[in-house]
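# here is a sequence together with a model predicted from it:
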Amino acid sequence: MEVPMPAITISREIGSKGDSIAEQAAKRLGYQLVDKNTIEKVFLQFGFTDFKETYDASGFWAQFDPRRSEMVSFINRVVETMVYHGNVILLGRGGFALLKGYADVLNVRIQGPFALRVQRVMENQVFSSLPHAEEFVRESDKMRRDFVESVHAGYWDSASAFDLVIDTGKISTDMAVGWLESAVQKLSLVQPDERLTTRSLQIDPVLLDSVTQVLDEQLA
């Protein structure tokens, strides 16, 4: 079996251009981009028909109940299976925390100054006022922070949790994409020796078949 190229996880702030960087890097590397919509398709195959509504519900990730635990467990299994499948860039879902310590995973953080992120968000969406846009950005940051801190007991914006941190207030999209491409190429040349890699993950073959189907359909 051919060993996949190193996976990339991207944790990004809203308005940081993280989505655009991930999309362009995926095209450059020949990777598949795995986002919330991709994961939802796998959930649907296993009968989780209300994934999006539940995932986006205000305060859901701060709760502690069986439904939340079930979703967290399955999200983690899907993420691990996506990475095991190989050649993917994973957007969000706390991937950096779940996959910390694997030698063949590059964990990336993309961020930017608050005022600049608000400006970018206002260029793409209509807001009644600047304070409204600022509140929107703060709420997005809070939801992402709540998810990571409640699910993985980690800090969403801690630089020490990442292999590479990119500030798009200073670094252009093209430069960021180039950095990711270069980092993956260098990482793929490193011999794993006895280090932990995603090849050691215990994967459910039924879930792997589902993930493969979803990713194949995404390519079509």
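Structure's in. What do you need? All values derive from a computational prediction rather than experimental measurement.

# could you measure from the nearest residue to I21 once chain neighbours are set aside over to R28?
Among residues not flanking I21 along the chain, A176 sits closest, at 4.8 Å (Cβ to Cβ, 6 or more residues apart in numbering). The C-beta positions use only the backbone N, C-alpha and C, and glycine is treated the same way. A176 sits 11 Å away from R28, going by Cβ to Cβ, to the nearest Å.

# more neighbours, the two?
Taking other Cβ atoms under 10 Å, A176 and R28 do not tie; A176 has more neighbours (24 against 13).

# now stretch 121-136: buried residues?
121-122, 133-134, 136 (16 or more other Cβ atoms under 10 Å).

# could you pull up the mean pLDDT of that stretch?
Averaged over stretch 121-136, pLDDT sits at 90.

# hmm, who's touching it?
14-15, 114, 118, 137 (Cβ atoms under 8 Å, 6 or more residues apart in numbering).

# and that stretch, how far apart are its ends?
9 Å (Cα to Cα, to the nearest Å).

# quick one, phi psi at V105?
Backbone geometry at V105, expressed as degrees, to the nearest 10, gives phi -130, psi 130.

# what of the one 5 residues further on?
The phi/psi pair for I110 (degrees, to the nearest 10) reads phi -120, psi 120.

# and S158, how many neighbours?
Neighbour number of S158 under other Cβ under 10 Å is 13.

# and for R120?
Counted with other Cβ under 10 Å, R120 comes out at 18.

# list the contacts for it?
R120 neighbours (Cβ under 8 Å, 6+ apart): 15, 17, 112.

# counting neighbours, which of these comes out on top?
G15 (26 neighbours).

# and that one, which of the three is it?
Using DSSP: H, G, I helix; E, B strand; the rest coil, the structure places G15 in coil.

# got a list of what it touches?
112, 116-121, 137.
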